[in-house]
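1. any chance you could fold what I've pasted below:
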Amino acid sequence: MTDNRAGATALAWINANAGRLTAVSDRLWELAEVALEEFESARLLEGELAAAGFTVVSGVAGMPTAFTATWGQGKPRLGFLAEYDALPLLSQEASPVRKPLREGAPGHGCGHNLYGAAVLGAVLALKEEMVRENLPGTIVFFGCPAEETLVGKVLMARAGLFSGLDAALTWHPSELNSLWAASSQAMNSAKFAFHGRAAHAAASPDQGRSALDAVELMNIGANYLREHVPQDTRLHYVVTKGGVAPNIVPAEAEVWYYVRSPRRADVDSIYARLLKIADGAALMTETTFTVNLLTACREYLPNDVLGDLLMDCLTRLGPPAWTADELAFAQAITDTFAPGQKEGSLRAGQVPPSYWGKLLDDTICPPLARGECLPGSTDVADASWATPTACSVACCAPLGTAAHSWQFTATSGMSIGHKGLLLSAKALAMAGSELLRHPEILVKAHEEFGRKTASY
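-> So this is what the prediction gives:
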């Protein structure tokens, strides 16, 4: 169901305040603060929301950079999820030539500056429409830190912050204008620290107990485990500590693991086996170990009822119109790709071949991979198990641009990213307006939610 009145006031507000929203985005882009250190970024968004009359609660779920901002009263209660954390080492000017703003500094290589600003625009615009048309309901802006480490929404979900919502809406910067219709992989992130005994590696190696040997044996065991896990499982690791000098038997060593699989139950099972492998490595080397489980997120549970609503809003809005300068910028970025990168990336994302020759998406692309599981993970998943949730995407970079790259940072700081921001703000506000006017959509969304959660 669509309503010609839905979103009209909100869209006019976004058009009138486009410069304000892109300025917020650009400031977040300049701040570029990494997970759980987004102090200035969070305060910027909190200030904008407080000035608009929202009730802000800082430091929720035990995280100083997490917050909620609420306006309105009664039902329905709609949540809008925002992110604003950056990635290490991806500082970059808004230029198609690799040139960090600050050498070695973080950058928004996943476009979360656009993400946070668009959700801000959506809730401010929806509030304006609710005031002018006397629409009942409550809107809640969730300031979600640390998505890149899959911590923020996990802790917020465990604190029950999403449980009172009738629905949650969000978006993510992408290379397409479409809907995130697929699931994602559940994931555990854990660091295994082994503790041994130092000794002279030449004069008295028998007196040492090598923590590095334990790490290496654990990794060997994990690599053999790969043959005996479900097909779509992924095990990734990096050695974060391996000793200080070759002539000292390492007393301390550490390895960091991700365990991913399409089902949470499979992650739990594989992780239990990984713990046994760590125990075996410690036994073989006469060392001990400790485990720091950093986070454990679920698989994303997309709600098709809400997703279809978001897709309808995107279709009604239409894609951005790209200028000659933006297309030239996109071409210059594309020219920096490694051979085969664009085609490989688009093939992996199941993007139709008809899109491969495009620089920027000038369509509203049909949802891709509906009912399938994409290889990455997101903590939006934990919100999606608490309330019906849908996520749109918008073109903020040339097709084939790798996420978590300097190229994505570059387009997140200029007009290509800004146009994706504004399209997403409008789609989220319009969808929110439809839900306020037509609560029967929420009834159907909850019926689907109940069926899907019961089937797991």
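2. hmm, residue 253 is touching residue 218, no?
-> No: using C-beta atoms under 8 Å as the test, residue 253 is too far from residue 218 to be in contact (9.7 Å). Placement of C-beta: from N, CA and C, glycine included.
3. for those two, list the residues in contact with both.
-> Common contact partners of residue 253 and residue 218 (C-beta atoms under 8 Å, 6 or more residues apart in numbering): residue 194.
4. now do the helices in the stretch 51-200 of the chain.
-> With helices called from DSSP state H, counting those that start in this stretch, the stretch 51-200 of the chain shows them at 112-133, 152-158.
5. check the offset of the shortest one from the chain's centre.
-> Taking the mean C-alpha point of helix 152-158 and that of its whole chain, the gap between them comes to 13 Å (C-alpha atoms, centre = their mean, to the nearest Å).
6. and among the helices of the stretch 51-200 of the chain, the most buried is which?
-> Among the helices of the stretch 51-200 of the chain, helix 112-133 has the highest mean neighbour count (mean count of other C-beta atoms under 10 Å), at a mean of 26.
7. before we move on, the earlier item: so which of the helices of the stretch 51-200 of the chain gets nearest residue 399?
-> helix 112-133 (17.0 Å; C-beta to C-beta).
8. same for that closest one, what does it pack against?
-> Contact here means 3 or more C-beta pairs under 8 Å, 6 or more residues apart in numbering; DSSP states H and E; on that basis helix 112-133 packs against helix 8-16, helix 18-31, helix 39-51, strand 67-73, strand 77-83, strand 137-144, strand 167-174, helix 415-437.
9. so which elements touch the helix or strand hosting residue 214?
-> Here residue 214 sits within helix 211-225, counting by DSSP states H and E. Counting contacts by 3+ C-beta pairs under 8 Å, 6+ apart, helix 211-225 packs against strand 186-195, strand 234-241, strand 252-261, helix 264-285.
10. and stretch 295-308, average pLDDT?
-> Mean per-residue pLDDT for stretch 295-308: 98.
11. run through the residues that contact the residue lying closest to residue 200 once chain neighbours are set aside.
-> With C-beta to C-beta, 6 or more residues apart in numbering as the criterion, residue 200 has its nearest non-adjacent residue at 6.7 Å, and that residue is residue 247. By C-beta under 8 Å, 6+ apart, the residues touching residue 247 are 200-202.
12. ok, so of the residues you listed, who is nearest residue 390?
-> Among the contacts of residue 247, residue 201 lies closest to residue 390 (C-beta to C-beta), at 56.9 Å.
13. tell me how many other residues crowd that closest one.
-> Residue 201: 16 surrounding residues under other C-beta atoms under 10 Å.
14. any idea which of the helices of the stretch 51-200 of the chain gets closest to residue 289?
-> When these are compared (using C-beta to C-beta), the closest one is helix 152-158, at 23.9 Å.
15. for that closest one, name the packing helices and strands.
-> Under the contact criterion of 3+ C-beta pairs under 8 Å, 6+ apart, helix 152-158 touches strand 137-144, strand 288-297, helix 380-384.
16. let me know which of those is tucked in deepest.
-> Note that of those, helix 380-384 is the most buried (mean count of other C-beta under 10 Å), with a mean of 27.
17. let me know the angle separating the following helix or strand past it from helix 112-133.
-> Downstream of helix 380-384, the next assigned helix or strand under DSSP H and E is strand 389-395. Here strand 389-395 runs at an angle of 120 degrees relative to helix 112-133 (axes from the mean of the first three to the mean of the last three C-alpha atoms, to 10 degrees).
18. ok, back up a step: could you dump the helices and strands packed on helix 112-133 to CSV with distance to residue 375?
-> Below are these laid out as CSV (distance: least, C-beta to C-beta, whole Å):
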stretch, distance to residue 375
helix 8-16, 33
helix 18-31, 27
helix 39-51, 28
strand 67-73, 31
strand 77-83, 20
strand 137-144, 22
strand 167-174, 15
helix 415-437, 22
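19. so which of those gets nearest residue 106?
-> Taking C-beta to C-beta, helix 18-31 is the member of the helices and strands packed on helix 112-133 nearest to residue 106, at 9.1 Å.
20. average pLDDT for the closest one?
-> 98.
21. picking up where we left off before, out of the helices and strands packed on helix 112-133, the one nearest residue 188 is which?
-> strand 137-144 (19.7 Å).
22. reformat the helices and strands packed on helix 211-225 as TSV; add mean neighbour count.
-> Formatted as TSV, the helices and strands packed on helix 211-225 follow (neighbours: other C-beta atoms under 10 Å):
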stretch	mean neighbour count
strand 186-195	22
strand 234-241	15
strand 252-261	22
helix 264-285	17
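23. adding mean pLDDT and distance to residue 327, write these out as JSON lines.
-> Shown next, in JSON lines, are the helices and strands packed on helix 211-225 (pLDDT from 0 to 100; distance: least, C-beta to C-beta, whole Å):
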{"stretch": "strand 186-195", "mean pLDDT": "98", "distance to residue 327": "37"}
{"stretch": "strand 234-241", "mean pLDDT": "97", "distance to residue 327": "36"}
{"stretch": "strand 252-261", "mean pLDDT": "98", "distance to residue 327": "36"}
{"stretch": "helix 264-285", "mean pLDDT": "98", "distance to residue 327": "42"}
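24. closest one to residue 367 among the ones you listed?
-> Of the helices and strands packed on helix 211-225, nearest to residue 367 by C-beta to C-beta is strand 186-195, at 21.4 Å.
25. what pairs with the closest one, parallel or antiparallel?
-> Strand 186-195 pairs in its sheet with strand 252-261 (antiparallel), strand 288-297 (antiparallel), by DSSP bridges.
26. tilt between it and strand 234-241?
-> Here strand 186-195 runs at an angle of 30 degrees relative to strand 234-241 (the same axes, to 10 degrees).
27. what sits against residue 295?
-> Contacts of residue 295 (C-beta under 8 Å, 6+ apart): 149-151, 154, 187-189, 379.
28. go with 10 Å
-> For residue 295, the contact set (C-beta atoms under 10 Å, 6 or more residues apart in numbering) comprises 146, 149-155, 187-190, 258, 377, 379, 382.
29. burial count for residue 35?
-> Residue 35: 21 surrounding residues under other C-beta under 10 Å.
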